[in-house]
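1. can you look at this prediction? I've put the sequence above it.
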Amino acid sequence: MISLTMRFIKIIFFIYVFLISTNLLSQSNTYNTSIPNKGEGLNAFLIRNNLNPTEHKAEFIELNKKNLGKKNSLRKDVAYNLPNTEKWIEEPLFGKDRSKFKLDSNILKGTVFHLVSGHGGPDPGALGKYGDKTLAEDEYAYDITLRLAKRLMENGAKVNMIIQDENDGIRDESFLKMSDDETCMGATIPLDQMKRLKQRTEAVNKLYAQNKPAYQRCVVIHVDSRSTGKSIDVFFYHAPKSKSGKKAAEEIRSVFNTKYNKHQPSRGYSGVVKDRNLYVLRKTIPTAVFVELGNIRNFSDQQRFILQDNRQALANWMYEGLLNDFKKHK
């Protein structure tokens, strides 16, 4: 009796496993389909279905070789399988919950961005007080830089995060915990200011040389510190005599101006673009833009940093400006 019962259980188990595996297999082989128009050639058919013939023709032919005519011609009234073009990217620096994300577009394919968040390691940068909380420049600059990096990568760009923190990732909390474990691409960040600036500048220049002749931009992101009563809008620096730096900065500023006019029309926007003889701008070989996000000691400006939606908006707007710069560069 026991033996028969065990045999019955085993049979039921194998049937269950078979059905599950069959279901998973059928799910993995599910494709969107499309029927060609009368007289439509293969290239035109692929383009109509938002597929690039150069990239997807071979895969399409492999998927549908049993239903294609001579010389891979399309047959009338046949529903053809379309290649799955969804691509995923993995970047552990963005944190466990955001490390895997979908490629939204290839609009920035071939571009390279070197992103440098200010300070880090032994130097927290500017400090502000919000009640009993301390706001550190390096933590908020880094979070916004990560968000910008993700937006760029989602749209096909190659991004080099010059300053890195393997433990933080993109964070949604209002008050970001201070730490001193940031590195310059794995190397310890020195306390001495000039050594610190030289280290990150040399890292950018080395990567620039490795990626020539691609379109490349360096974006340096900081948070300013002024008197508590001084509210300042996001503003930008470029290297003296750098026409491309000025142009890139103006493109980003233009987006900020448009967004403020849309979302806060009665407020206005006073962010400016200026040249400044800063070390990182003077010594960095690729076109660079230096961004100051606001006054970390001012209550009004602090809302720009402590609210994660605002940090994301800052990243989104910088992304749009950089995209516009690239489009006009082509």
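-> That came through, no problem.

2. so where's the stretch 51-200 of the chain shaky on pLDDT?
-> Counting by pLDDT under 70, the stretch 51-200 of the chain has no low-confidence residues at all.

3. this structure: helices as residue ranges?
-> 2-28, 42-48, 53-64, 137-154, 193-211, 243-263, 279-283, 299-306, 308-329 (DSSP state H).

4. show me which positions of the last one end up buried.
-> Along helix 308-329, the positions that meet the burial threshold by neighbour count (16 or more other C-beta atoms under 10 Å) are 308, 310-315, 317-326. C-beta coordinates here come from the backbone N, C-alpha and C atoms, glycine included.

5. break the protein into its domains for me.
-> Split into domains by automatic domain parsing, the chain comes to 2-81, 88-329.

6. roughly how far does the residue nearest to Glu320 when sequence neighbours are not counted sit from Ala239?
-> Distance criterion C-beta to C-beta, 6 or more residues apart in numbering; nearest residue to Glu320, sequence neighbours excluded, is Val255 at 4.6 Å. Separation of Val255 from Ala239 (C-beta to C-beta, to the nearest Å): 21 Å.

7. look at the two and report which has more neighbours.
-> Ala239 (22 against 19; other C-beta atoms under 10 Å).

8. pretty sure the more buried one contacts Leu281?
-> Yes: using C-beta atoms under 8 Å, Ala239 is in contact with Leu281, at 3.9 Å.

9. give me the common contacts of the two.
-> Residues within reach of Ala239 and of Leu281 at once, by C-beta atoms under 8 Å, 6 or more residues apart in numbering, are 245, 288.

10. what about the closest residue to Arg276 other than its chain neighbours, how many residues nearby?
-> Among residues not flanking Arg276 along the chain, Tyr237 sits closest, at 4.2 Å (C-beta to C-beta, 6+ apart). Residues contacting Tyr237 under the criterion other C-beta under 10 Å number 25.

11. show me what Tyr237 bridges to in the sheet.
-> Assessed by DSSP bridges, Tyr237 has beta-bridge partners Lys274, Phe290.

12. please identify the buried residues of stretch 208-216?
-> Neighbour-count burial for stretch 208-216 [16+ other C-beta under 10 Å]: 208, 211, 215-216.

13. so how far is it off the chain centroid?
-> 18 Å (C-alpha atoms, centre = their mean, to the nearest Å).

14. any idea how far apart the tips of that stretch sit?
-> Chord length of stretch 208-216, first to last residue, is 7 Å (C-alpha to C-alpha, to the nearest Å).

15. returning to that earlier point: tell me the most buried of the domains of the chain?
-> Using mean count of other C-beta atoms under 10 Å, the stretch among the domains of the chain with the largest mean neighbour count is domain 88-329, at a mean of 18.

16. which ones are touching Arg98?
-> Residues near Arg98 by C-beta under 8 Å, 6+ apart: 150, 169-170.

17. which residues touch Phe236?
-> Phe236 neighbours (C-beta under 8 Å, 6+ apart): 249, 252-253, 271-274, 289-292.

18. before we move on, what about Gln193?
-> Counting by C-beta under 8 Å, 6+ apart, Gln193 makes contact with Asp123.

19. and it, how far from Ala315?
-> 27 Å.

20. kindly report the same for Phe60.
-> 36 Å.

21. before we move on, what about Ile170?
-> The value you get for Ile170 to Ala315, if C-beta to C-beta is used, is 9 Å.

22. where do the contact lists of these two overlap?
-> 147, 150.

23. wouldn't the residue nearest to Arg276 be in contact with Asp275 here?
-> Yes: contact criterion C-beta under 8 Å: Tyr237 and Asp275 qualify, at 6.9 Å.

24. export stretch 270-288 to CSV, keeping only CA atoms.
-> The C-alpha trace of stretch 270-288 is given here as CSV (Å, rounded to 0.1, in the frame of the first residue of the first chain):
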residue,chain,number,x,y,z
SER,A,270,18.6,83.2,-12.1
GLY,A,271,21.2,80.5,-12.6
VAL,A,272,24.2,81.7,-14.7
VAL,A,273,27.0,80.4,-16.8
LYS,A,274,30.5,81.7,-16.2
ASP,A,275,34.1,80.8,-17.0
ARG,A,276,36.3,80.1,-14.0
ASN,A,277,39.9,79.1,-13.7
LEU,A,278,39.3,76.0,-11.5
TYR,A,279,41.9,73.2,-11.5
VAL,A,280,39.6,70.5,-12.7
LEU,A,281,38.3,72.7,-15.6
ARG,A,282,41.8,73.9,-16.5
LYS,A,283,43.5,70.4,-16.4
THR,A,284,40.7,68.2,-17.7
ILE,A,285,41.2,67.4,-21.4
PRO,A,286,37.6,66.6,-22.4
THR,A,287,35.0,69.4,-22.5
ALA,A,288,33.9,69.9,-18.9
